[in-house]
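Trainee: give me the fold of what follows.
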Amino acid sequence: MRTRRGVSYPKVINTCCDKRRLCEKTILPRKRAKSSEGTPVVTVSGQCDFFDTLPDDIVLFILTKLGSTASCPADFISVLSTCKRLNMLGVHSLVLSKASPKTFAVKAKNWSESAHQFLKRCSDAGNVEACYTLGMIRFYCLQNRGNGASLLAKAVINSHAPSLYSLAVIQFNGSGGSKTDKDLRAGVALCARAAFLGHIDALRELGHCLQDGYGVRQNIAEGRRFLVQANARELASVLSTTPAALISANWLTWNPLPYLRNANVVGVGVGAGCPLLSDFGCNVPPPEPHPANRFLSDWFSGKVVGAGLRLCSHAGCGRPETRLHEFRRCSVCGKVNYCSRACQALDWKLRHKMMCVQPERWVDAGDGNGDGVVDGDDGMFVES
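Mentor: A predicted model of the protein is given here:
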């Protein structure tokens with residue numbers, strides 16, 4: 001601007017505006033730019049952002065595969081916390097319905113209301129494993145018997161074998177009610193259905209019921225056949241899931257002495273393991289417990305279940321009593337309690353045979369078959 005004499009005023013530099021323009025040019029945008037044509041957008045750093053152009057269907061498919069193959073909850077939760085879009089699509093019903101049991105295998109010490117709600121959302125989405133896990137937690141841990149049993153029944157409708165076996169144990173023991181609420185015929189029917197679906201513990205339980213005439217007409221030969229079949233299935237399951245490099249030669253070792261077949265004696269060719277196929281001299285490691293049973297074991301570990309209530313002594317079970325004298329105890333030592341014959345058979349082979357029966361009795365007995373389940377079960381249990 002010029003004055004009348006033709007002299008110009010000095011130009012005033014607005015430093016505030018210049019600094020603001022400079023900041024606008026140098027500061028990176030917070031939100032990613034999206035192209036209306038669907039082509040990748042080049043960011044300020046020079047990299048193309050392809051994630052924003054992916055359709056939701058593809059992202060859901062990837063998250064579904066991730067949830068079904070996750071080995072722990074952290075594998076799935078860490079992905080959901082990456083961005084808002086993954087967090088929103090990760091809780092879609094399609095993703096939650098396909099989640100594996102290890103995805104929501106929360107530890108008892110980490111149990112919270114948010115974990116409870118996540119399990120509930122998975123069960124509402126139709127995930128049968130979530131229905132089974134949440135049903136076991138509510139029935140035994142939270143003592144919500146009716147809701148827990150209904151979740152187990154929801155999984156049973158979808159032919160979930162562990163839920164069938166758990167309801168059979170509830171029927172055998174009358175859990176959540178009185179002693180008169182036992183329904184042995186219903187328990188046998190549920191066990192038969194679970195055994196048909198390939199559940200090993202249910203097949204073993206059914207074999208013991210047939211041998212003892214418990215809830216069904218006694219048939220010793222058929223029960224014996226089911227027990228051998230359960231042992232064979234367990235061995236096949238372990239061999240199919242264990243890498244060949246980890247398979248020890250001691251698993252298929254035959255020892256002609258019955259008392260050495262039942263003992264882990266150093267230097268006699270018997271390796272560490274449990275003789276799940278002791279009829280044939282096979283030693284295999286114990287089966288891995290279900291995440292729901294592991295949660296029960298951790299939940300009641302170091303806690304008092306109730307006045308006079310006891311836990312199942314099998315380490316892979318974790319079920320507690322819901323009333324006094326619900327479980328049966330060993331008639332020899334009286335120190336262990338079991339919720340079912342299957343748990344007693346497994347624990348007998350894993351550890352209790354070493355603690356309950358003296359080695360001298362094995363030598364004197366010379367029973368030939370080396371299996372304490374068949375010959376010892378009839379006198380193993382007494383009602384408490």
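
Trainee: surely residue 329 is in a strand?
Mentor: Yes: counting by DSSP: H, G, I helix; E, B strand; the rest coil, residue 329 is located in a strand.

Trainee: list the contacts for the residue nearest to it when sequence neighbours are not counted?
Mentor: Nearest non-adjacent residue to residue 329, counting by CB to CB, 6 or more residues apart in numbering: residue 337, 4.9 Å away. C-beta here means a position set from N, CA and C on the backbone, and glycine is covered the same way. Residues in contact with residue 337 (CB atoms under 8 Å, 6 or more residues apart in numbering) are 310-313, 321, 327-329, 384.

Trainee: CSV please, covering these and showing neighbour count, distance to residue 110 and pLDDT.
Mentor: As requested, the contacts of residue 337 are arranged in CSV below (neighbours: other CB atoms under 10 Å; distance: CB to CB, whole Å; pLDDT from 0 to 100):
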residue, neighbour count, distance to residue 110, pLDDT
310, 19, 26, 89
311, 19, 21, 90
312, 25, 23, 92
313, 19, 26, 90
321, 21, 26, 92
327, 25, 28, 91
328, 19, 33, 86
329, 20, 33, 85
384, 13, 34, 39
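
Trainee: how many other residues sit next to residue 296?
Mentor: If you count neighbours by other CB atoms under 10 Å, residue 296 ends up with 24.

Trainee: that should have said residue 300, apologies.
Mentor: Residue 300, neighbours per other CB under 10 Å, totals 19.

Trainee: so it touches residue 318, yeah?
Mentor: Yes: shown here, residue 300 and residue 318 form a contact pair, counting by CB atoms under 8 Å, at 6.6 Å.

Trainee: need the residues touching each of those two.
Mentor: With CB under 8 Å, 6+ apart as the test, residue 300 and residue 318 both reach residue 311.

Trainee: could you list the buried residues of whatever helix or strand residue 236 lives in?
Mentor: Element membership of residue 236 [criterion: DSSP states H and E] is helix 220-241. Buried residues in helix 220-241, counted by 16 or more other CB atoms under 10 Å: 223-224, 226-235, 238.

Trainee: show me which of the contacts of residue 337 is closest to residue 70.
Mentor: The nearest member of those to residue 70, counting by CB to CB, is residue 312 at 28.9 Å.

Trainee: how near is that closest one to residue 186?
Mentor: Between residue 312 and residue 186 the computed distance is 21 Å (CB to CB, to the nearest Å).

Trainee: ok, now residue 237?
Mentor: 27 Å.

Trainee: pLDDT score for residue 361?
Mentor: On pLDDT, residue 361 comes in at 48.

Trainee: right, I mislabeled it, should have said residue 382
Mentor: So, for residue 382, pLDDT stands at 41.

Trainee: with residue 46 instead?
Mentor: So residue 46 comes in at 54 (pLDDT).

Trainee: now swap in residue 82 and tell me
Mentor: So residue 82 comes in at 84 (pLDDT).

Trainee: ok so it is a helix residue?
Mentor: No: Residue 82 sits outside any helix when classified using three-state DSSP, being coil.

Trainee: and it, how many residues sit next to it?
Mentor: Residue 82, neighbours per other CB under 10 Å, totals 10.

Trainee: on that earlier part again, pLDDT averaged over the helix holding residue 236 - what is it?
Mentor: Mean predicted confidence for helix 220-241 is 86.
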